[in-house]
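Colleague: 3D, please:
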Amino acid sequence: MIKTQNKIFYICGKNYTYAMYVNDMGFLQHAYYGKKINHNDLLLYINEVCKKLEPLKEDLNLDFSLDSMPSEFGCFFNHGDYHEPSVIIEQLDGATMCRYRYFSHEVKDEVIDIAELPHARGCGQTLSITLKDDFSDMEIVLNYTVFDDCDVIVRNAEIKNVGHTAIVIKKAFSFCLDLPKAEYKLLRLHGRWAGERIPEITPIGHAVTKLQSIRGQSSHQMNPFAAILKDDCGEDVGECYGAQLIYSGNFAITAEIDYNDRLRIQGGINECHFEWELDPQVNFVTPQVALCYSATGIGQLSREYADFIRGHIVNSQYVYKKRPIVVNNWEATYFDFDNERLFSIIDEAAKLGIDTFVLDDGWFGKRNSDATSLGDWFVNNEKLNGGLKALTDRCKNNGLNFGIWFEPEAISEYSDLYRVHPDWAIGKEGVEPARWRNQLVLDFTRKDVVDYIFNAVSKILKDNEISYVKWDFNRNISEFYSRRLTNQGGFAHRYILGVYYLAEKLTKEFPDVFFEGCAGGGGRFDTGMLYYFPQIWTSDNTDAIERMKIQWGTSMCYPLSSMSCHVSACPNHQTGRVTPIELRGTIASLGATGYELDLTKLSDLEKLSVKQQIANYKKIDELILKGDLFRLSDPFYGDFCEMIVSKDKRKAYFVYATRNERSKNVIRLKGLDASKLYTVNDNMTFSGHALMCVGLPLPVMDKNMCFSLTICEKISKSTDGARYEF
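Modeller: So this is what the prediction gives:
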């Protein structure tokens, strides 16, 4: 709900209120963001507190400093705002000073449709406030989109050149939020390849703390998400704020404590190597950011983000559609395969209850190693006798669907494509490029390159019965240079726009194909990619112990249904660790499950375990798609424990895995209805109150052991004759 009154703007969601107003000098000033409060109380607070603390209007052209004013958008040195600016715009004469004041506003009963960028969708309301520069023909429109069904505000900015001369944008953040004095901590998700999204909480000191990626993608190293924790905020108590960019390219999020001890958090496109020439009468639209507030800890923030992503980001055709249970041949064969070896895996998959076989890297061109053929998207018929049809027929005869791997953004120097179009690779002629996994990156700032890849991938999808695509991107960008661009400063942003263009075009052309994102594992795990791909390969690290940590961190701001989680070979190919197949299956069940191993090498006992895992997963897959996650025990400090509860509180799935020699005796559950009776694994009955207050008794287990439980409301009879059980 959005209300406006005398240039006071009141935004209200399920459990929060956000407010701002135009002060007497015409500046848009932040007033409040927090627990839901009465509209009249807020008006009284603004009139009696906020406005009485402002400098006098006549001080504007004397010594007035905007450092003292909480702003909705920080401008560059506009009469003394020495915070990090939200935008820097350079005029033709090199001047960058600006002073943006309120010009107009409108409220629409719709969300904003951004043509080139992923964005929130669905039903909502949008407040657009236009600010006009005192010194130039520039306008900035600040957009605030709200939804009745979640506690998320979506913000972005539109920079408008309404003049007659071109300007250069040197910084373009999407939002700015000033919060009052308090003790704040910053939660970030840092990492590396095979160790993504590790939660780290640190105090925020004075000056600027910056989270960023300059790798051409959101990156393994830093996720485009930050949470601000207030005072004693923890998993289930305290106030916190989240900022999640709906963007997959070079980004920055900054947190700044100023000399007044106030906090400014803002973010958007990374200004490093960013310059965007904006012609007269042209607009530049920044990526959206999803802001979220929780009064009851980080856990509730996570659940609100999960609901928002499922309800307003992921394609509605797939968001609640049951995920394919796949077997991927990569760790089973790597590049060394032929028909017979793949046929044996397909045949075994059918016996075990798997429904989709995914052919990974090595099926195209002359691809027998990572040194060749990327870009040559045609089938290697010497390696695959009968081409892909032989595999799709084998799958069909076994009742399986067929999936395939692409790396559309990459090119090998040893490829037919590179021999014909060496200029299609990113890089400056005469400068030796950096090679990563023996590959270069295609210039996705060029439409002709993207269109060629679209046609090549489309031909494979049209000529074969393919229901599943894994889209990979196995390196960072190291040369931010296109031979076609006159201004290289826009390269990184134009590149990711090219990725979005291809993803949009392919998913629309093939609406019945299920797309999974991947970037060397979790190198581009963000809401920008989830807009096109309903799930993403969580990490190349498939070790169950490491996956506890990776999936735990990922759940801070992403739903379980977005995580692709596989049972892998043992000893694990990344760590060498030996773990029971029961542990691997249990951890993989906390997401879109699958298998990444040679099924033909499993023992009879392991095959029986796989059959049971798949049967059990089909009982809880609705919870993975729709349920609320509650984190109970942190694997970074001890054992691992999570549970998923249905929205109606009638069903739950509980997972416990030990990291130590002996587990706890009891653990308190969360998220149940205290007034309901529950059966646990069909042989114990407890009240929800007892399970949450006293706890669930646990067996004594050895290190790296696990168990899972189904919890269901106990109903002997129901008026509609239904029983709510697994």
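
Colleague: Kindly list the longest helix within the protein.
Modeller: helix 604-626 (DSSP state H).

Colleague: Flag every buried residue along the helix or strand just after that helix.
Modeller: Going down the chain from helix 604-626, the next helix or strand is strand 628-633, by DSSP states H and E. Within strand 628-633, the residues scored as buried using 16 or more other Cβ atoms under 10 Å are 628-633. For every residue, glycine as well, the C-beta is placed using N, CA and C.

Colleague: How about Ala350, nearest residue that isn't a chain neighbour?
Modeller: Using Cβ to Cβ, 6 or more residues apart in numbering and skipping the chain neighbours, the partner closest in space to Ala350 is Asn398 (3.7 Å).

Colleague: list the contacts for that neighbour?
Modeller: Contacts of Asn398 were listed using Cβ atoms under 8 Å, 6 or more residues apart in numbering, and they are 346-347, 349-350.

Colleague: Could you spell out which stretches of the protein belong to which domain?
Modeller: 2-312, 352-540, 640-713 (automatic domain parsing).

Colleague: Distance to Ser561 and mean pLDDT added to the ones you listed, as TSV?
Modeller: Output for the domains of the chain, formatted as TSV (distance: least, Cβ to Cβ, whole Å; pLDDT from 0 to 100):
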stretch	distance to Ser561	mean pLDDT
domain 2-312	7	92
domain 352-540	7	97
domain 640-713	10	90
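
Colleague: Save those as TSV, and put in distance to Leu597 too.
Modeller: TSV is the format used below for the domains of the chain (distance: least, Cβ to Cβ, whole Å):
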stretch	distance to Leu597
domain 2-312	17
domain 352-540	11
domain 640-713	18
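
Colleague: Lys619 is nearest to which of these?
Modeller: Closest approach to Lys619 among the domains of the chain is made by domain 640-713 (6.8 Å; Cβ to Cβ).

Colleague: roughly how far is that closest one from the heart of the chain?
Modeller: The chain centre lies 28 Å from the centre of domain 640-713; the measure is Cα atoms, centre = their mean, to the nearest Å.

Colleague: ditto for stretch 408-422
Modeller: How far stretch 408-422 lies from its chain's middle: 30 Å, per Cα atoms, centre = their mean.

Colleague: In helices only, show me the contacts of Asn398.
Modeller: Per DSSP H, the contacts of Asn398 map to helices at 346-347, 349-350.

Colleague: looking at the domains of the chain, which is closest to Cys570?
Modeller: By Cβ to Cβ (comparing all of these), the closest turns out to be domain 640-713, at 11.5 Å.

Colleague: following the helix or strand hosting Val107, which helix or strand shows up next?
Modeller: Assigned by DSSP H and E, Val107 falls within strand 100-108. Downstream of strand 100-108, the next assigned helix or strand under DSSP H and E is strand 125-133.

Colleague: returning to what we had before: counting contacts, what elements does the longest helix of the chain pack onto?
Modeller: Using 3 or more Cβ pairs under 8 Å, 6 or more residues apart in numbering; DSSP states H and E, the elements in contact with helix 604-626 are helix 339-352, helix 581-588, strand 592-596, strand 640-645, strand 651-657, strand 706-713.

Colleague: how about those, which one is nearest Asp133?
Modeller: Across these, closest to Asp133 is strand 592-596 (Cβ to Cβ), at 47.6 Å.

Colleague: Secondary structure of Trp552: a helix, I assume?
Modeller: Yes: the assignment for Trp552 by DSSP: H, G, I helix; E, B strand; the rest coil puts it in a helix.

Colleague: Assign the closest residue to it other than its chain neighbours to helix, strand or coil.
Modeller: Once flanking residues are discounted, Trp552 sits nearest to Pro635: 5.7 Å by Cβ to Cβ, 6+ apart. Assigned by three-state DSSP, the conformation of Pro635 is coil.

Colleague: And for Met701?
Modeller: At Met701 the chain is in coil, as set by three-state DSSP.

Colleague: Now it: phi and psi?
Modeller: Dihedral pair for Met701: phi -130, psi 150, per degrees, to the nearest 10.

Colleague: I'd like to know how far it sits from Leu691.
Modeller: 19 Å (Cβ to Cβ, to the nearest Å).

Colleague: Those two: which has the busier surroundings?
Modeller: Leu691 (25 against 17; other Cβ atoms under 10 Å).

Colleague: Spell out which residues sit in contact with that one, please.
Modeller: By Cβ under 8 Å, 6+ apart, the neighbours of Leu691 are 668-669, 672, 678, 711.

Colleague: before we move on, what about Gly522?
Modeller: 191, 196-197, 220, 536-540, 550, 554.

Colleague: want to throw these into a markdown table with neighbour count and distance to Val87?
Modeller: Listed next are these as a markdown table, based on neighbours: other Cβ atoms under 10 Å; distance: Cβ to Cβ, whole Å:
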| residue | neighbour count | distance to Val87 |
| --- | --- | --- |
| Gly191 | 26 | 30 |
| Glu196 | 27 | 31 |
| Arg197 | 26 | 29 |
| His220 | 26 | 29 |
| Ile536 | 26 | 31 |
| Trp537 | 28 | 35 |
| Thr538 | 27 | 35 |
| Ser539 | 30 | 35 |
| Asp540 | 22 | 37 |
| Ile550 | 27 | 35 |
| Thr554 | 28 | 31 |
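
Colleague: Which of the residues you listed fall within strands?
Modeller: Judged by DSSP state E, the contacts of Gly522 include 191, 196-197, 536-537 as members of strands.

Colleague: Could you pull out the helices in the stretch 401-550 of the chain for me?
Modeller: For the stretch 401-550 of the chain, applying DSSP state H, counting those that start in this stretch gives helices covering 416-420, 447-463, 491-509, 527-530, 544-554.

Colleague: Pick the most buried one from the ones you listed.
Modeller: helix 527-530 (a mean of 28; mean count of other Cβ atoms under 10 Å).

Colleague: For it, list the C-alpha coordinates in CSV.
Modeller: Only the C-alpha atoms of helix 527-530 are listed here, as CSV (Å, rounded to 0.1, in the frame of the first residue of the first chain):
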residue,chain,number,x,y,z
THR,A,527,18.3,-13.2,-8.7
GLY,A,528,19.2,-11.8,-12.1
MET,A,529,19.9,-15.3,-13.4
LEU,A,530,17.0,-16.8,-11.5
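
Colleague: Show me what that helix is packed up against.
Modeller: In terms of contacts (3+ Cβ pairs under 8 Å, 6+ apart), helix 527-530 is packed against strand 240-245, helix 491-509.
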